[in-house]
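Participant: One predicted model, sequence on top.
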Amino acid sequence: MQGHTGDVRSIAWSPDGKTLVSGCTDKTLKLWDAATGKMLASLQGYTEDVYSVAWSPDGKTLASGSRDPTIRLWDAATDKLLASLQGHAGAVYSVAWSPDGKTLASGSGDQTVKLWDVATGKLLASFQGHTEAVYSIAWSPNGKTLASGSGDRTVKLWDVATGKLLSSLQGHTGGVYTVAWSPDGKTLASGSDDRTVKLWDAAAGEEQPR
């Protein structure tokens, strides 16, 4: 699939598996037919690099995060810009939808994780505790916990309802750029520029023994 003119920083499948969205340093999001490779649309309006993209669980809305540093919501069917969420003071490196599709989480170079009400665009909460940029965020399958990976070499687990920091997972010797939950929500995986992938017991807040 060719058409971007910069580095592709993020890709995501639509829930039905028929379409891909890509975010790029050419300041665009592009939609692609996964079966044919055909470009379906190019979403424009950003003045800075697009770092992160994510589909809503129902497949109707796209979220994107940029260096500029806004979060934008797009109608996936019409390609129309629905809202621009402002509140971060640094680049938005990661966006993630809650399992019920009502809340969007974002991680930023301003060292915070923020929660947004998708229906109103209102900022619901700002989680603070990282000391460097937040590069990756992921919701637990039950939607109660949020994991964040940062350049400060830690993975933090947050209680979504209260904003309380549940645990700070330490062990990486480099920045943490990606985090992902197991389907049962018991294990968290993290990837770092220390060239390792670590598995963590989410309940205990400890690295799993090999």
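Facilitator: Thanks, I have it. Residues are numbered from 1 along each chain as shown.

Participant: switch to C-alpha atoms for all contacts and neighbour counts from now on
Facilitator: OK.

Participant: Pass me the low-pLDDT residue ranges in the chain, would you?
Facilitator: 210 (pLDDT under 70).

Participant: quick check: domain ranges of it?
Facilitator: 1-128, 138-210 (automatic domain parsing).

Participant: how about those domains in a markdown table, adding mean neighbour count?
Facilitator: Listed next are the domains of the chain as a markdown table, based on neighbours: other Cα atoms under 10 Å:
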| stretch | mean neighbour count |
| --- | --- |
| domain 1-128 | 19 |
| domain 138-210 | 18 |
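
Participant: Which of the helices or strands spans residue 190?
Facilitator: strand 187-192 (DSSP states H and E).

Participant: Now find how far off-centre the helix or strand that comes right after that strand is within its chain.
Facilitator: Downstream of strand 187-192, the next assigned helix or strand under DSSP H and E is strand 197-201. Offset of strand 197-201 from its chain centre (Cα atoms, centre = their mean, to the nearest Å): 19 Å.

Participant: Figure out how far the strand holding residue 190 is from the centre of its chain.
Facilitator: 14 Å.

Participant: From the contact counts, what lies against it?
Facilitator: For strand 187-192, the elements it packs on are strand 176-181, strand 197-201, judged by 3 or more Cα pairs under 8 Å, 6 or more residues apart in numbering; DSSP states H and E.

Participant: quick one: secondary structure of residue 183?
Facilitator: For residue 183, the assignment made with DSSP: H, G, I helix; E, B strand; the rest coil gives coil.

Participant: Which residue comes closest to it once chain neighbours are left out?
Facilitator: The shortest distance from residue 183 to any non-neighbouring residue, by Cα to Cα, 6 or more residues apart in numbering, is to residue 141 (6.5 Å).

Participant: Please name the residues that touch the one you found.
Facilitator: 99, 181, 183, 184, 185 (Cα atoms under 8 Å, 6 or more residues apart in numbering).
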